[in-house]
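Engineer: Have a look at this prediction, sequence included:
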Amino acid sequence: MSLEAEVRRLKDERSAVLLAHNYQRGEVQDVADYVGDSLYLSRKAAETDRPVICFAGVRFMAETAKILNPTRTVLLPDLKAGCGLADSITAEQLRAWKSEHPGAVVVAYINTSAEVKAESDYCCTSSNATKVVSSIAEDKEILFLPDVFLGEYVRKKTGRSMHLWVGDCPVHAKMRPEDLQRARREHPGAEIVAHPECGCTSAALPHVDRILSTDGMVRFAEETRQKEVLVATEVGILHRMRRLNPTTTFTPLSEGTICPYMKEIDLADIRDSLAQNRYVIEVPEATARRARVAIDRMIAA
Ligand code: 13P
Ligand code: SF4
């Protein structure tokens with residue numbers, strides 16, 4: 001039996017739902033029940049009635065699923081699937097930052113640990129960060145964390161003077177304004193779409209046609225009639241974009257934009273995860289209760 005067939009069989013046997021992020025390997029996306037960005041997958045995790053959620057993504061996503069649906073068993077097939085951006089701030093660092101700004105509202109990107117979310121007032125993802133920040137009363141001081149590039153982008157879009165934590169995604173931060181300028185020269189006529197975590201977006205905003213979350217890019221791929229689109233984000237997303245629109249050429253800004261964490265999980269890990277019930281993600285109840293408030297605000301936005 002093929003690995004893919006084994007995964008499908010085990011998924012049925014365990015009544016599991018398999019969620020996969022847009023950056024996952026193509027073969028993992030193909031066997032998943034739902035593929036999408038962080039916000040979409042959080043919503044799917046919250047609403048599922050299946051007893052097991054197997055998360056092909058990274059740890060903070062599996063933790064968010066557990067917090068949203070605590071009675072389900074949440075599995076992360078490989079514990080090495082972390083996130084360099086989430087690691088850029090700890091709960092202790094956030095507490096110290098908050099103590100310097102008493103009364104400030106804390107907005108945490110979903111790419112954070114459950115402990116950091118528990119210290120936050122709002123969560124957001126790349127697809128609703130602007131909306132979440134705009135919903136906060138004008139007179140409130142805002143601490144935005146941990147991605148400085150997303151923070152700068154949201155600051156420009158909303159006109160809010162937020163304090164920014166200087167963290168970044170090691171994968172997206174490598175993309176610089178010079179890369180965009182070069183791409184513009186080498187691919188005249190191509191449209192450029194970029195994820196707001198990119199190190200190039202804030203300084204090179206005029207060179208980017210659209211700043212989009214990963215699902216925003218997928219929707220754009222479905223609709224565009226462009227001959228060529230340059231894609232500034234993790235290359236895993238090209239699998240869906242090319243499949244949805246075979247007539248447009250989707251070119252990565254850089255072939256080397258690969259998230260090692262997102263590539264930890266393969267089909268064999270998913271098979272073993274479902275067969276051996278590993279690795280079960282738990283979040284301490286007190287942490288989950290506090291983090292849930294911020295996550296619910298994100299889901300509602
Ligand atoms: P999205 O929410 O756009 O899927 O992004 C998640 C992520 O980890 C980007 O690096
Ligand atoms: Fe984290 Fe960056 Fe990988 Fe996204 S691409 S999971 S932010 S390390």
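Structural biologist: Perfect, I can see it now. Ligands and ions are numbered 1, 2, ... in the order given.

Engineer: Within range of ligand 1, give me the residues from the stretch 51-200 of the chain.
Structural biologist: Residues of the stretch 51-200 of the chain lying close to ligand 1 (C-beta under 6 Å from any ligand atom) are N111, T125, S126, C169, E197. C-beta coordinates here come from the backbone N, C-alpha and C atoms, glycine included.

Engineer: any idea which element the first one lies in?
Structural biologist: N111 belongs to no helix or strand when elements are defined using DSSP states H and E.

Engineer: Would you enumerate the residues in contact with it?
Structural biologist: S38, F60, C83, L85, A86, P146, D147, C169 (C-beta atoms under 8 Å, 6 or more residues apart in numbering).

Engineer: Surely the third one touches A62?
Structural biologist: Spelled out, that is C83. No: using C-beta atoms under 8 Å, C83 makes no contact with A62, being 11.0 Å away.

Engineer: For the contacts of N111, which entry has the maximal number of neighbours?
Structural biologist: Within the contacts of N111, neighbour counts (other C-beta atoms under 10 Å) peak at D147, which reaches 29 neighbours.

Engineer: From A20, how far out is that residue?
Structural biologist: 22 Å (C-beta to C-beta, to the nearest Å).

Engineer: Make TSV from the residues of the stretch 51-200 of the chain next to ligand 1 and add pLDDT, secondary structure and distance to ligand 2 to it.
Structural biologist: Listed next are these as TSV, based on pLDDT from 0 to 100; DSSP: H, G, I helix; E, B strand; the rest coil; distance: C-beta to the nearest ligand atom, whole Å:
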residue	pLDDT	secondary structure	distance to ligand 2
N111	97	coil	5
T125	95	coil	11
S126	92	coil	9
C169	95	coil	3
E197	88	coil	6
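
Engineer: Which per-residue confidence value corresponds to the most centrally placed residue in the chain?
Structural biologist: The centroid of the chain falls nearest to S38 when counting by C-alpha atoms, centre = their mean (4.3 Å). S38 carries a pLDDT score of 93 in this model.

Engineer: Excluding chain neighbours, give the residue nearest to it in space.
Structural biologist: T125 (4.4 Å; C-beta to C-beta, 6 or more residues apart in numbering).

Engineer: What are the phi and psi values at P146?
Structural biologist: phi -100, psi 0 (degrees, to the nearest 10).

Engineer: residues contacting the nearest residue to it once chain neighbours are set aside?
Structural biologist: Take P146 and drop its neighbours on the chain: the residue closest to it by C-beta to C-beta, 6+ apart is G167, 3.3 Å away. Contacts for G167 (C-beta under 8 Å, 6+ apart) come out as L85, S88, I89, L145, P146, D147, V148.

Engineer: Report the beta-bridge partner residues of G167.
Structural biologist: G167 has these beta-bridge partners by DSSP bridges: D147.

Engineer: Ligand 1 versus E13, what's the distance?
Structural biologist: Using C-beta to the nearest ligand atom, to the nearest Å, one gets 29 Å for the distance from E13 to ligand 1.

Engineer: For the closest residue to that residue other than its chain neighbours, give me its contacts.
Structural biologist: In space, E13 comes closest to L274 once its chain neighbours are excluded; the distance is 7.8 Å by C-beta to C-beta, 6+ apart. L274 makes contacts with V7, L10, K11, E13, R14, A16, V52, C54, L75, as judged by C-beta under 8 Å, 6+ apart.
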